[in-house]
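[1] next input, structure requested:
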Amino acid sequence: MSDFPRLTSELPLRHKVLRNRITFGAHTANMSVNGLPGEQFGAYLLERAIGGAGMIVAEPMPVHRTGVLTRGNFLAEDDAVIPAFRKIVEPVQDAGAVVLQQLYHVGAHGDSDLSYQPHWGPSGLPSYHDSDGSHAMTGAEIEEMIAAFVAAAVRCRDAGFDGVEIWAAYQSLLEQFWTPWSNRRDDQWGGPLENRTRISMRILEGIRRACGENFIVGMSVSYSDSFDVTLGIEELTEVLALHDATGHLDYVSCGSGGYLDFEKLMPTFVLGEKPTVSATEVFKQELRHAKVQAESQIRTPENAESVLSANQADLVSIVRGQIADPNLARKVTEGRADDIRGCISCNQMCWGRRSRDYWISCLINPSVGREYQWGGDRFIKSKAPKSVLVVGGGPSGLEAARVAAERGHKVQIHEAASQIGGQFRLAGMQPRRAQILDLMGWYERQFGKLGVELRLNSYLDADDIRELGADVVVLATGSLPDEERTQRWLPQLGPLPGREHGNVFAPEEVMRREAKIADTVIVYDEGGNMRGVGTAWHLAETGKQVVLVTPDPFVGKELARTSADIPIRAKLAQLGVRMLSEHAIAGWHGQGAAVRNLLDGSEEEIAASALVMATTNRSFEPVSAELTDLNLRIVGDAQAPRQAPFAFYEGRKCGLEI
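    The predicted structure is shown next:
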């Protein structure tokens, strides 16, 4: 009997039967080429279909020229997408998945840099995407928009999709019409609920009429209680009940957050899991025809099964979980849930890359977006197995060892410390980041199954490496903190003045509990990421009085792309952390620091028992010069200190190339 009987059970949906209740929901992968889906996007979706997803909802299609939001959006209002999508849809269906496309328009929250169009909305209010205002749609333009949604759905039908999902979430165009705060019209499109829902009801009815009965139509909404001006649960349920009563709506999917509280839209590790089930439980009780899907931070099969078992939803959308492990659904079905590589909810390479207008990837699964080149997570055995020695058990070494073993090589990995993970494990010891430690456990389980020989407390010098006689040596020895504590934005200082007075530490020393810190501590964060911010959070939670100093214009600047920065700053403020932006450390005096304002050059003396310097590390690679005659690969921070995604990437690439 399956450990996940509800999750793995079939679900009838209109004219189709889903093989399980796991959806790979709609999200912007940003992989189009000149507005058309191509090999990269096709392989990305196909990998999740092969991986067992019951339903896949393809990246949202802007239905109208005023709705273009990203460089990678598909062409709006253009039949050229039909044959391009047909090449993608058919293989996904052949792999057993039902496949839909989401249709969207962001309303007032457009991006003129990409669309070169005014943002269309119900009442001409400001955009929350950028600093522009929007255009209040005329009655004729509303009719044009309704026709655009229907025409886009017909293109999806002609491309072979099994249906479409109408996007009405995150304060998008349709929700802007539904909500009195954003819909201030006094014509037939505003005022009473019947008027405010007229546009979406017309779209729903038009799609059903144009595309026929054998065509799934879903609707995506979102719920949040952050602001009183957005729809409450009773109001949102009333809106959905109107659409449900038509019999045209096959399912409703509920996400969290929106443009007003963006940090909840794709919640990171900072926030709680399963944030939408209080809403979907109400929908389940009130809707008579449409199935109900829960989405947003449902990372694991255990979470998903608990939602379904409690009758809080009929199916679940697991997006980031299936980005991290495209075979999640298949592993659940086959009783191999402990083999699932769990998402760590960091958003760093999925939403984080998308927010910079790149195609998305994954910190812990670098095959994402490269499925068409690397074959996803399905490995081809080497025709010439070798002995492989991996020196170093951080992210690059772990991934190189795992992938080499998957390909049939005989692998030894030696780690000088008593545990695997290196600096990444230390990151997992910061507040709310234990998912990283779960990942370390996954690697250990995979090594056991793959026959990788793991040696801990094993420091190897050049003679040791040569003596082991491996066919291939992978140096993944990582990086070490800069002992000079050099600051990028005070280059004239050189090494930190006063570091010889002691009590100056790196974040790694703090997280390894090697730093003796009394009461007040200054944390200098030059990276704008969790190495500095997370260490400050950890120290504040242990009762230290923390002053967080950064040369950036705000604390957690690099975390802004992941949407984790706002809740983390709020948490730091609650813990009493003093935050000084656009400052650097002019000198350390043993009992305090001179903190320099980078705007006007003024300095302030801050008393502290210790100074933690989160500055750029230096590579640690002490042996390659003595091993030039060996088949040697250098990966990760041993080449150049960078963030974790690039270490996992180089480890995967190295393992594939051996």
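
[2] so who does residue 29 touch?
    By CB atoms under 8 Å, 6 or more residues apart in numbering, the contact set of residue 29 is 41, 44, 59, 72, 354, 359-360, 369. Any C-beta I mention is one placed from the backbone N, CA and C, and that applies to glycine too.

[3] just residue 221 next, same as before
    Contacts of residue 221 by CB under 8 Å, 6+ apart are 168-169, 175, 236, 240, 252-255.

[4] can you flag the buried ones in the contacts of residue 29?
    Neighbour counting with 16 or more other CB atoms under 10 Å marks 41, 44, 59, 72, 354, 359-360, 369 as buried within the contacts of residue 29.

[5] in CSV, list those residues along with pLDDT.
    Formatted as CSV, the buried ones among the contacts of residue 29 follow (pLDDT from 0 to 100):
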residue, pLDDT
41, 98
44, 98
59, 93
72, 87
354, 87
359, 94
360, 96
369, 97
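
[6] quick one: which of these is nearest residue 653?
    Comparing those against residue 653 with CB to CB places residue 369 closest, at 13.4 Å.

[7] isn't that closest one right next to residue 350, touching?
    No: the criterion here is CB atoms under 8 Å, and residue 369 misses it with residue 350 at 9.7 Å.

[8] quickly list what's touching both of those two.
    360-361.

[9] buried residues, the helix or strand harbouring residue 570. List them.
    Taking DSSP states H and E as the definition, residue 570 sits inside helix 565-574. Going by neighbour count (16+ other CB under 10 Å), the buried part of helix 565-574 is 565-569, 571-572.

[10] what strands line up against the helix or strand just after that helix, and which way round?
    Where DSSP H and E defines the elements, the next helix or strand beyond helix 565-574 is strand 578-581. Each strand paired with strand 578-581, and its direction, by DSSP bridges: strand 545-550 (parallel).

[11] next one: stretch 94-104 to chain centre, how far?
    In terms of CA atoms, centre = their mean, to the nearest Å, the centre of stretch 94-104 is set 21 Å apart from its chain centre.

[12] okay, that stretch in PDB with CA atoms only?
    Provided in PDB are the C-alpha atoms of stretch 94-104 (Å, rounded to 0.1, in the frame of the first residue of the first chain):
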ATOM      1  CA  ASP A  94       2.700  10.900 -24.900                       C
ATOM      2  CA  ALA A  95       4.600  10.700 -21.600                       C
ATOM      3  CA  GLY A  96       1.300  10.500 -19.700                       C
ATOM      4  CA  ALA A  97       0.600  14.000 -18.500                       C
ATOM      5  CA  VAL A  98      -2.400  16.200 -19.100                       C
ATOM      6  CA  VAL A  99      -1.100  19.500 -20.300                       C
ATOM      7  CA  LEU A 100      -2.800  23.000 -20.100                       C
ATOM      8  CA  GLN A 101      -1.600  26.500 -20.700                       C
ATOM      9  CA  GLN A 102      -2.200  29.400 -18.400                       C
ATOM     10  CA  LEU A 103      -3.600  32.600 -20.000                       C
ATOM     11  CA  TYR A 104      -2.800  35.900 -18.300                       C
END
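
[13] what about the strands in the stretch 501-650 of the chain?
    Assigned by DSSP state E, counting those that start in this stretch, the strands in the stretch 501-650 of the chain fall at 504-505, 520-525, 545-550, 578-581, 583-588, 592-597, 603-607, 610-614, 618-619, 632-634.

[14] make JSON lines out of the ones you listed and add mean pLDDT and mean neighbour count.
    Output for the strands of the stretch 501-650 of the chain, formatted as JSON lines (pLDDT from 0 to 100; neighbours: other CB atoms under 10 Å):
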{"stretch": "strand 504-505", "mean pLDDT": "97", "mean neighbour count": "23"}
{"stretch": "strand 520-525", "mean pLDDT": "98", "mean neighbour count": "25"}
{"stretch": "strand 545-550", "mean pLDDT": "98", "mean neighbour count": "25"}
{"stretch": "strand 578-581", "mean pLDDT": "98", "mean neighbour count": "17"}
{"stretch": "strand 583-588", "mean pLDDT": "98", "mean neighbour count": "22"}
{"stretch": "strand 592-597", "mean pLDDT": "98", "mean neighbour count": "20"}
{"stretch": "strand 603-607", "mean pLDDT": "97", "mean neighbour count": "14"}
{"stretch": "strand 610-614", "mean pLDDT": "98", "mean neighbour count": "26"}
{"stretch": "strand 618-619", "mean pLDDT": "97", "mean neighbour count": "16"}
{"stretch": "strand 632-634", "mean pLDDT": "97", "mean neighbour count": "19"}
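
[15] adding distance to residue 78, write those out as CSV.
    CSV is the format used below for the strands of the stretch 501-650 of the chain (distance: least, CB to CB, whole Å):
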stretch, distance to residue 78
strand 504-505, 57
strand 520-525, 46
strand 545-550, 45
strand 578-581, 45
strand 583-588, 51
strand 592-597, 53
strand 603-607, 58
strand 610-614, 48
strand 618-619, 49
strand 632-634, 46
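
[16] so residue 312 lies in a strand, does it not?
    No: looking at residue 312 with DSSP: H, G, I helix; E, B strand; the rest coil, it is coil, so not inside a strand.

[17] residues contacting it?
    277, 280-281, 284, 294.

[18] closest to residue 499 among these?
    residue 277 (50.9 Å).

[19] what count of nearby residues applies to that closest one?
    Counted by other CB atoms under 10 Å, the residues lying close to residue 277 total 21.

[20] name the nearest residue to it, ignoring sequence neighbours.
    Closest residue to residue 277 in three dimensions, ignoring its sequence neighbours and counting by CB to CB, 6 or more residues apart in numbering: residue 312, at 4.4 Å.

[21] ditto for residue 119
    Residue 119's closest residue in space is residue 110 (CB to CB, 6+ apart), at 3.5 Å.

[22] then residue 301?
    Nearest residue to residue 301, sequence neighbours excluded (CB to CB, 6+ apart): residue 332, at 4.8 Å.

[23] give me the buried positions along stretch 642-657.
    Within stretch 642-657, judged by 16+ other CB under 10 Å, the buried ones are 642-656.

[24] most widely separated two among those?
    Of all pairs in the buried residues of stretch 642-657, the most separated under CB to CB is 643 and 656 at 21.0 Å.
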